[in-house]
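> Sharing a model prediction with you, sequence too.
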Amino acid sequence: MRRVRVEVLGQRGEYWAETVYAWLVEEAKDILEQEYGVKLDIVFREADVDEPIILCCGEAIREIPGEPGYLIEALKKLLDRAVRSGASPGAEGDEEA
């Protein structure tokens, strides 16, 4: 089973960074794992950024959607490209299990 690393870069305690991380863990994880047959490793990484950034499949989502459903759709686009191209869907594009 492929492992996909999804990183949330942000400041601990900052509302949007914590919210996006919670959406990934509580709402997106199960849906994406089942649909793509992958194991998501969701990581929060402290970073000095004004707005949270999500890294997945070697790409960054810099404009965070206002609802979890839109975030799931944005991640599906990244996973679709990684699966279609045959690339490994790690955060840096090189992780596989």
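Cool, the structure landed.

> Only C-alpha atoms from now on, for both contacts and neighbour counts.
Noted.

> got the buried residues for the worst-scoring helix or strand of the chain on mean pLDDT?
The least trusted helix or strand in the chain, going by mean pLDDT, DSSP states H and E, turns out to be helix 68-85, with a mean of 90. For helix 68-85, burial by neighbour count (16 or more other CA atoms under 10 Å) applies to 68, 71-72, 75-76, 78-79, 82.

> next one: stretch 47-59
Within stretch 47-59, judged by 16+ other CA under 10 Å, the buried ones are 51-58.

> In strands, which of those residues fall?
53-56 (DSSP state E).

> ok, now how distant is the residue nearest to Pro52 when sequence neighbours are not counted from Lys39?
Closest residue in space to Pro52, ignoring its immediate chain neighbours: Gly10 at 4.7 Å, by CA to CA, 6 or more residues apart in numbering. Separation of Gly10 from Lys39 (CA to CA, to the nearest Å) stands at 23 Å.

> So for those two, which sits in the more crowded spot?
Just comparing Gly10 and Lys39: by other CA atoms under 10 Å the higher neighbour count belongs to Gly10, 24 against 17.

> Can you verify my assumption that that one contacts Leu55?
No - here Gly10 does not reach Leu55: they are 11.3 Å apart, not a contact under CA atoms under 8 Å.

> pLDDT weak spots in the protein?
84-97 (pLDDT under 70).

> all helices for it, in order.
Counting by DSSP state H, the chain has these helices, from start to end: 15-23, 29-36, 68-85.

> Reformat these as CSV; add distance to Arg3.
CSV is the format used below for the helices of the chain (distance: least, CA to CA, whole Å):
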stretch, distance to Arg3
helix 15-23, 18
helix 29-36, 9
helix 68-85, 12
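
> Quick check: which of the ones you listed is nearest to Met1?
helix 29-36 (10.0 Å; CA to CA).

> follow-up on the earlier one: so what's the residue nearest to Pro52 up against?
17, 44-53 (CA atoms under 8 Å, 6 or more residues apart in numbering).

> let's go with 6 Å and repeat that
17, 46-47, 49, 52 (CA atoms under 6 Å, 6 or more residues apart in numbering).

> I figured Glu46 hits Gln11, correct?
Yes - here Glu46 reaches Gln11: they are 5.4 Å apart, a contact under CA atoms under 6 Å.
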